[in-house]
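Chemist: here are the coordinates; sequence isn't available:
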């Protein structure tokens with residue numbers, strides 16, 4: 001592992017000074033140097049939302065959640081279906097189920113107060129190492145080592161780490177930990193994340209604007225964008241399936257569409273969705289009910305571990321489904337099903 005520079009105090013002073021001036025204004029964040037601690041609920045909720053999406057995309061969801069469920073106890077008391085519907089569009093629906101499990105553990109086992117240590121937070125259901133460290137440092141001032149993709153990139157460049165990721169992750173985590181101190185731990189964690197998001201970008205890093213350039217081995221070597229090195233990704237598998245858009249033309253507007261509740265376990269578990277075939281190389285083409293089914297085209301969607309082509313078929317009919325107004329379904333369905341419904345409506 002590359003050696004840690006002796007001038008850690010200078011590195012920390014430079015980055016914290018930069019953060020005091022350039023910190024992003026985020027709806028869940030307290031400004032640098034604020035007195036008092038941020039609400040742990042808001043910190044935790046924002047970190048869970050940001051795990052698989054961007055800040056601009058997560059912001060309206062965060063505002064909606066905190067208006068509808070302003071405390072962790074409010075969220076714990078919510079109906080599963082309401083939270084799942086509110087989560088639609090953020091992806092990774094297992095996180096929504098974990099969100100509820102964690103909220104209920106805090107409300108029931110901890111009387112509505114989040115544990116104030118990294119170890120205590122890590123014991124909550126659905127809380128991993130990154131989230132526990134982030135909440136501990138930002139909300140409770142613990143000198144925890146907060147490492148996300150932005151921090152990994154900053155460390156890889158700062159120390160010119162030649163090991164590719166993902167094998168380099170323990171090394172990058174150790175290097176990040178070597179810079180953590182008791183002084184302003186929450187600001188330090190957020191400063192590193194902001195630096196990676198706005199200056200030490202994946203492509204075209206803005207080295208002229210970076211407070212760490214004097215100590216950056218990647219910059220000194222003339223190729224900071226070379227880091228972090230990455231192993232070649234395996235090709236993403238492709239699957240196919242059929243989505244069935246069944247309408248009954250009842251009610252106002254565009255009528256109602258037949259939805260089903262997906263099993264709790266598995267992809268999009270517990271969510272409402274269109275009836276579909278299995279998703280495989282040779283999906284079963286049996287429709288959910290007998291009707292005059294018509295082809296309506298195809299939609300494409302990419303999940304983390306595979307890509308999907310759905311053929312959309314439409315019909316009018318009846319059956320034992322969760323009949324939902326089309327306008328409501330368009331606002332609540334996960335993205336892949338919303339795409340298929342929009343195709344069917346067109």
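Modeler: Now that the structure is in, tell me what you want to look at. Since the structure is predicted, the reported quantities are computational estimates derived from the model, not experimental observations. Numbers count the residues shown, from 1 in each chain.

Chemist: contacts, neighbours, all on C-alpha from now
Modeler: OK.

Chemist: and the average pLDDT for stretch 196-208 is what?
Modeler: The average pLDDT within stretch 196-208 is 95.

Chemist: quick one, helices of this protein?
Modeler: 8-22, 40-50, 55-68, 72-76, 80-87, 93-109, 118-122, 129-140, 149-158, 169-177, 185-198, 217-220, 326-332, 335-345 (DSSP state H).

Chemist: tell me which of the ones you listed sits nearest to residue 239.
Modeler: Closest approach to residue 239 among these (C-alpha to C-alpha): helix 335-345, 13.4 Å.

Chemist: what packs against the closest one?
Modeler: Packed against helix 335-345, as judged by 3 or more C-alpha pairs under 8 Å, 6 or more residues apart in numbering; DSSP states H and E, are the following elements: strand 238-247, strand 294-302, strand 307-316, helix 326-332.

Chemist: mind running it again at 10 Å?
Modeler: strand 238-247, strand 272-273, strand 294-302, strand 307-316, helix 326-332 (3 or more C-alpha pairs under 10 Å, 6 or more residues apart in numbering; DSSP states H and E).

Chemist: tell me the gap between the first one and the middle of its chain.
Modeler: This points to strand 238-247. Centroid separation for strand 238-247 versus its chain: 26 Å, with C-alpha atoms, centre = their mean, to the nearest Å.

Chemist: now do stretch 318-326
Modeler: 30 Å.

Chemist: now swap in stretch 7-26 and tell me
Modeler: 25 Å.

Chemist: one step back: now render the helices and strands packed on helix 335-345 as TSV, adding mean neighbour count, distance to residue 181 and mean pLDDT.
Modeler: Shown next, in TSV, are the helices and strands packed on helix 335-345 (neighbours: other C-alpha atoms under 10 Å; distance: least, C-alpha to C-alpha, whole Å; pLDDT from 0 to 100):
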stretch	mean neighbour count	distance to residue 181	mean pLDDT
strand 238-247	22	46	94
strand 272-273	24	46	90
strand 294-302	15	40	93
strand 307-316	20	43	94
helix 326-332	17	44	88
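
Chemist: closest to residue 15 out of those?
Modeler: strand 294-302 (37.0 Å).
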